[in-house]
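In: What follows is a protein structure lacking sequence information:
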């Protein structure tokens, strides 16, 4: 198992989740994630409209417990950097923040726009492939998270039944391979949603 946040969120079989964006007018944005088969809520993501802070999102479980605090690193050095960094933190048993992963967002300049979005696992407990990248284009709901061996570990796609009627970017599927930490994957999706001005952004 590839445990990043918790082994509770690693399944023995492939899982298909459904992501539904919340409108900005309802609780200030964010999205919910349900199981495709049972329709039960698995995760909730609150954006800056709820939190009152920009460049920050929180991933919670179905009971509302915080799983990941995700925020964009700021400061003068960051402003001069060619890549913007997002960091995902979990809480240990004592309540202290623990850095578990980092996502590097390419700069908006023309030269760097085509650079891939890279993700690195920072947790010392993680023993698998520590580097991932995003392939495809998230705003089109056609992208994948790929490990360092080139294996697709998670894939974003439009829902087939909706695509035939009318493309809907506010409802889409997230397919996660067996053994991959679903909370980690949804955390990455939350950042992509924010970067591309989705429902998590004010």
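Out: Perfect, I can see it now. As the structure is a prediction and not an experimental result, all values here were calculated from the model.

In: tell me which helix or strand of the chain sits lowest on mean pLDDT?
Out: helix 76-80 (a mean of 51; mean pLDDT, DSSP states H and E).

In: Helices of this structure, residue ranges please.
Out: 48-51, 76-80, 160-163, 182-195 (DSSP state H).

In: Please name every helix or strand in contact with the first one.
Out: The helices and strands touching helix 48-51, judged by 3 or more CB pairs under 8 Å, 6 or more residues apart in numbering; DSSP states H and E, are strand 56-61. For every residue, glycine as well, the C-beta is placed using N, CA and C.

In: now the strand it packs on: mean pLDDT?
Out: Here strand 56-61 scores 95 as its mean pLDDT.

In: So what are the sheet partners of that strand and their directions?
Out: With DSSP bridges as the test, strand 56-61 is paired with strand 41-46 (antiparallel), strand 66-72 (antiparallel).

In: what about those, which gets the closest to residue 7?
Out: For residue 7, the closest of those is strand 66-72, at 12.9 Å, according to CB to CB.

In: Contact partners for residue 196?
Out: By CB atoms under 8 Å, 6 or more residues apart in numbering, the residues touching residue 196 are 138-139.

In: let's see 10 Å
Out: Going by CB atoms under 10 Å, 6 or more residues apart in numbering, residue 196 touches 137-140, 169.

In: among these, which are in strands?
Out: residue 137 (DSSP state E).

In: Let me have the contacts of residue 196 in a markdown table, extended by pLDDT, neighbour count and distance to residue 3.
Out: Shown next, in a markdown table, are the contacts of residue 196 (pLDDT from 0 to 100; neighbours: other CB atoms under 10 Å; distance: CB to CB, whole Å):
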| residue | pLDDT | neighbour count | distance to residue 3 |
| --- | --- | --- | --- |
| 137 | 92 | 12 | 29 |
| 138 | 93 | 20 | 25 |
| 139 | 92 | 13 | 30 |
| 140 | 91 | 12 | 30 |
| 169 | 82 | 15 | 31 |
